[in-house]
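> One predicted model, sequence on top.
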Amino acid sequence: MNGAMAETIGAAYTVVTPGSIKWTTLGASSFAIGGSHATRAVKINRLTAGVSSDTAATLSITTKLAIGRTVTGAMKTTIGGALKSSASGKHDINAGGPLTINVGGSLKLEGGMVVFAVGGSTVAIHGGGVLFKASSVTVNGKAVQSGKATSK
């Protein structure tokens, strides 16, 4: 899409393909889906050269390989119900501006490792534990540690 894109769907929206999906918008992008939004493909890549705003009742994304989402501006996603994202490979969300994801129901991210990175700070969650990497970490409330902690 060369320019801004807006798509409004009053009911459920499903995309299923045995191949890959590559969606590029050279401007602002907006999806407003009144029902559930489900996408299933081998690989999904979505590039927005501007701000992005997506709204859906529920969202389910499933790939056999990777999910990539790049927005050069701010990104806001609002899901009224559950959000489930599952990729056998890497799942990246990169925003050039503020990134906001609001989920009214359950949030499930599946993968070998889930990483949240902002500037020089990182929180990584995997089968072996949780890694915090930042110039400072503040814990509000009770902290329970069951294994060895290191500080570098």
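That came in fine, so what should we check first? Numbering: from 1, shown residues only.
> Now for the spatially most central residue of the chain: which residues touch it?
Taking CA atoms, centre = their mean, the centroid of the chain lies closest to I93, which sits 5.2 Å from it. Neighbouring residues of I93 by CB atoms under 8 Å, 6 or more residues apart in numbering: 69, 75, 99. Bear in mind the C-beta positions are built from the backbone N, C-alpha and C, glycine included.
> Which of the three states applies to the nearest residue to the first one once chain neighbours are set aside?
Right, R69. For R69, ignoring the flanking residues on the chain, the nearest one in space by CB to CB, 6 or more residues apart in numbering is I93 at 4.6 Å. Secondary structure, DSSP: H, G, I helix; E, B strand; the rest coil: I93 is strand.
> returning to that earlier point: so which of the contacts of I93 belong to strands?
69, 75, 99 (DSSP state E).
> now the second one: how far from T25?
Same thing as M75. Going from M75 to T25 by CB to CB, to the nearest Å gives 12 Å.
> Stretch 45-58: which residues count as buried?
By neighbour count on 16 or more other CB atoms under 10 Å, the buried set for stretch 45-58 is 45-58.
> cool, stretch 113-131 as well?
Buried, per 16+ other CB under 10 Å, within stretch 113-131: nothing.
> can I get the CA coordinates of it in CSV?
Taking Å, rounded to 0.1, in the frame of the first residue of the first chain, the C-alpha atoms of stretch 113-131 are listed here in CSV:
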residue,chain,number,x,y,z
MET,A,113,12.2,-17.2,24.8
VAL,A,114,10.0,-14.1,25.1
VAL,A,115,12.1,-10.9,25.3
PHE,A,116,11.0,-7.4,26.0
ALA,A,117,13.6,-4.7,25.2
VAL,A,118,13.4,-1.0,25.6
GLY,A,119,16.5,1.1,25.1
GLY,A,120,19.3,-0.7,26.9
SER,A,121,17.0,-2.6,29.3
THR,A,122,15.8,-6.2,28.7
VAL,A,123,13.5,-8.7,30.3
ALA,A,124,13.8,-12.2,28.9
ILE,A,125,11.7,-15.2,30.0
HIS,A,126,12.6,-18.7,29.0
GLY,A,127,12.4,-22.3,30.4
GLY,A,128,15.5,-21.7,32.6
GLY,A,129,14.2,-18.6,34.3
VAL,A,130,13.9,-14.8,33.9
LEU,A,131,16.7,-12.4,33.0
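> what's the offset of that stretch from the middle of its chain?
Mean-position distance between stretch 113-131 and its chain equals 14 Å (CA atoms, centre = their mean, to the nearest Å).
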